[in-house]
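Enquirer: no sequence for this one, just the structure:
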């Protein structure tokens with residue numbers, strides 16, 4: 001675990017305060033780490049990129065707004081207060097509705113790459129702790 005992970009142990013983390021620390025979209029910020037998993041926050045707007053994660057499952061919890069999780073065979077709308085778990089190997093493309101900014105909490109293994117093996121202009125190689 002990186003040094004910055006120690007400062008969030010055993011004390012409450014205010015998620016709304018953390019969301020107010022950044023403005024950019026599609027660039028997750030790490031707020032905690034446990035058992036090899038990272039807890040991340042991200043602001044999303046519009047379309048992302050089709051991708052999959054070969055070895056990692058991803059959990060998306062919607063904090064604000066509604067997210068469309070598109071799969072090759074269907075779409076799932078995930079609303080505020082709901083979660084969706086995308087299994088490893090499943091190609092997906094998260095996007096938002098009607099120009100709305102969506103706030104999500106992500107829970108995924110620390111080694112998960114932002115866009116899987118796809119290199120894209122939205123790929124974030126090094127995610128920051130906040």
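Expert: Yep, that arrived. Bear in mind the structure is a predicted one, so any value in this text is a computation, not a measurement.

Enquirer: Let me see the backbone angles for the residue lying closest to residue 109 once chain neighbours are set aside.
Expert: Sequence neighbours aside, residue 56 is the residue nearest to residue 109 in space, at 4.6 Å (criterion: Cβ to Cβ, 6 or more residues apart in numbering). Using the backbone N, CA and C atoms, a C-beta is placed for each residue, glycine as well. Main-chain dihedrals, residue 56, degrees, to the nearest 10: phi -130, psi 140.

Enquirer: same deal with residue 20?
Expert: phi -70, psi -10.

Enquirer: Please apply the same query to the one 10 residues further on.
Expert: Torsion angles at residue 30 (phi, psi; degrees, to the nearest 10) stand at phi -90, psi 130.

Enquirer: ok, what's across the strand from it?
Expert: residue 40, residue 129 (DSSP bridges).

Enquirer: shouldn't it be in contact with residue 39?
Expert: Yes - using Cβ atoms under 8 Å, residue 30 is in contact with residue 39, at 7.2 Å.

Enquirer: which residue ranges form the helices in the chain?
Expert: 15-19 (DSSP state H).

Enquirer: Show me the strands in this structure, by range?
Expert: 29-34, 37-44, 58-64, 66-71, 75-79, 83-86, 92-96, 102-109, 128-129 (DSSP state E).
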